[in-house]
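Student: any chance you can model this:
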Amino acid sequence: MSYLPYALAVWLFVVGLYGVVTSRNLIHLVVCLTVMQSSTYVLLLSIGYVNRATAPIFADVPRGTRAVDPVVQALTLTDVVVGVAVAALLLALSMQVQKHLGTTDPDELQQMHG
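Tutor: Sure, this is the predicted structure:
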């Protein structure tokens with residue numbers, strides 16, 4: 001068993017978190033959040049990996065053949081779709097902030113009033 005995929009997932013998360021903490025631009029912040037979320041893809045795929053296993057298609061496959069868990073693959077695919085939707089929403093909000101306030105620096109934004 002290799003710990004390299006888990007180390008890669010942790011490294012991606014830490015790099016993304018560092019970018020989020022030090023970000024001075026809303027667009028950069030969204031990109032760093034996307035990097036953080038990519039660590040979940042690596043983590044899910046490394047959890048679901050089975051050495052020398054086949055795809056989870058069981059037509060004409062003899063019993064006892066090792067197969068990869070399809071639930072983990074479905075969760076990863078769902079994670080990708082949710083990540084794209086969140087990134088698109090955050091980028092659209094960042095563009096609206098730039099349009100209305102003229103800045104993408106989070107420190108320069110005024111306090112919101114409801």
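Student: okay, helices next: where are they in this structure?
Tutor: Using DSSP state H, the helices found in the chain span residues 4-22, 26-48, 70-101.
Student: can you list those in CSV and add mean neighbour count and distance to residue 57?
Tutor: For glycine as for every other residue, the C-beta is placed from the backbone atoms N, C-alpha and C. Below are those laid out as CSV (neighbours: other CB atoms under 10 Å; distance: least, CB to CB, whole Å):
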stretch, mean neighbour count, distance to residue 57
helix 4-22, 14, 24
helix 26-48, 18, 15
helix 70-101, 13, 9
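Student: mean pLDDT and distance to residue 107 added to these, as a markdown table?
Tutor: Shown next, in a markdown table, are those (pLDDT from 0 to 100; distance: least, CB to CB, whole Å):
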| stretch | mean pLDDT | distance to residue 107 |
| --- | --- | --- |
| helix 4-22 | 96 | 12 |
| helix 26-48 | 93 | 11 |
| helix 70-101 | 93 | 12 |
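Student: so which residue of this structure lies furthest out from the middle?
Tutor: The C-alpha centroid of the chain is most remote from residue 62, which lies 36.0 Å away (CA atoms, centre = their mean).
Student: need the contact list for that residue.
Tutor: For residue 62, the contact set (CB atoms under 8 Å, 6 or more residues apart in numbering) is empty.
Student: distance of it from residue 97?
Tutor: Distance, residue 62 to residue 97, by CB to CB, to the nearest Å: 58 Å.
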